[in-house]
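Trainee: Dropping a prediction and its sequence here:
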Amino acid sequence: MTPSMILTELAAVLMVVILLLLVALFVALPVLVVIVIVMSVNIARHRRTGVVSGAQSQTRSLSWVMNAMLIDLLVLLVLAAVIWLPPLAGRTWCRSESPDGAYAVTVDKMTSLPATWDGVPVTVTMTHAVDGGRTEKASFQAVMEDTDTIHYECVVTWQPDHVAIGSRAKNPDSFDDAGAVTFFHVYWDDVEFS
């Protein structure tokens, strides 16, 4: 197992932990709201009966619960941002050195939750840096449909006339001889994208 594959698996485990934490926080929020309501009623009752110390104690507890509720909401917002915002959009998805120069792949939409890719058109841009500082660029649209085989680790394979870009898959049967799932083919000679 390569280090990048281990990182991919760790990222998947982390995503599951984040989702479980998100569910737990969604459950905790209504409980905190009920506690706030009960404590508010108790504070009003203590003030009405003239038991000042009881009201002060309840007010301190209510302050603690309100702080916990605000922290809960803040964590929920951060987790939602981690899951649903596209943190990798526009960044280099992968880079590969080949005999004819370095290839880099950028994707305009990439979310931290791969399931959101299903059926979404994505613009993929490949940059090919050749000797002498010259670069070639090619962009094309691809629709991600098989979300089970999409991972952040990508593979670039090259042959004399084209370069194939794919991603590591969970299913080894879907590998070709070079170990890549060829979601994309970029032909540099006639600029044909498929």
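Mentor: Here it is on my side, so go on.
Trainee: Show me what the biggest helix by length in the chain packs onto, helices and strands only.
Mentor: In the chain, with assignment by DSSP state H, the single longest helix is helix 3-49. When contacts are defined as 3 or more CB pairs under 8 Å, 6 or more residues apart in numbering; DSSP states H and E, helix 3-49 sits against helix 52-84. Where you see a C-beta, it was placed from the backbone N, CA and C, and this is true even at glycine.
Trainee: Average pLDDT for the helix it packs on, rounded please.
Mentor: Mean pLDDT, helix 52-84: 69.
Trainee: show me what contacts the closest residue to V75 other than its chain neighbours?
Mentor: For V75, ignoring the flanking residues on the chain, the nearest one in space by CB to CB, 6 or more residues apart in numbering is L25 at 6.0 Å. With contact taken as CB atoms under 8 Å, 6 or more residues apart in numbering, L25 is in contact with D72, V75, L76, L79.
Trainee: again, 10 Å this time
Mentor: L25 makes contacts with L32, I71, D72, L73, V75, L76, L79, as judged by CB atoms under 10 Å, 6 or more residues apart in numbering.
Trainee: Pull up the gap between it and S139, please.
Mentor: The spacing between L25 and S139, counted by CB to CB, to the nearest Å, is 40 Å.
Trainee: re the thing from before, in a markdown table: the contacts of L25, plus neighbour count and distance to L20.
Mentor: What follows is the contacts of L25, written out as a markdown table (neighbours: other CB atoms under 10 Å; distance: CB to CB, whole Å):
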| residue | neighbour count | distance to L20 |
| --- | --- | --- |
| L32 | 18 | 19 |
| I71 | 12 | 18 |
| D72 | 17 | 15 |
| L73 | 13 | 18 |
| V75 | 14 | 13 |
| L76 | 16 | 13 |
| L79 | 16 | 11 |
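Trainee: so which of those residues comes closest to V65?
Mentor: Checking these against V65 by CB to CB gives L32 as the nearest, at 6.0 Å.
Trainee: Check whether that closest one really touches L76, as I assumed.
Mentor: No. Using CB atoms under 10 Å, L32 is not in contact with L76, being 11.7 Å away.
Trainee: how many other residues sit next to P30?
Mentor: P30 has 9 neighbours, counted by other CB atoms under 10 Å.
Trainee: give me phi/psi at V130?
Mentor: With angles defined as degrees, to the nearest 10, V130 sits at phi -110, psi 170.
Trainee: Give me the nearest residue to it, chain neighbours excluded.
Mentor: G101 is the one closest to V130 (CB to CB, 6+ apart), at 4.2 Å.
Trainee: Let me know the pLDDT of A142.
Mentor: 64.
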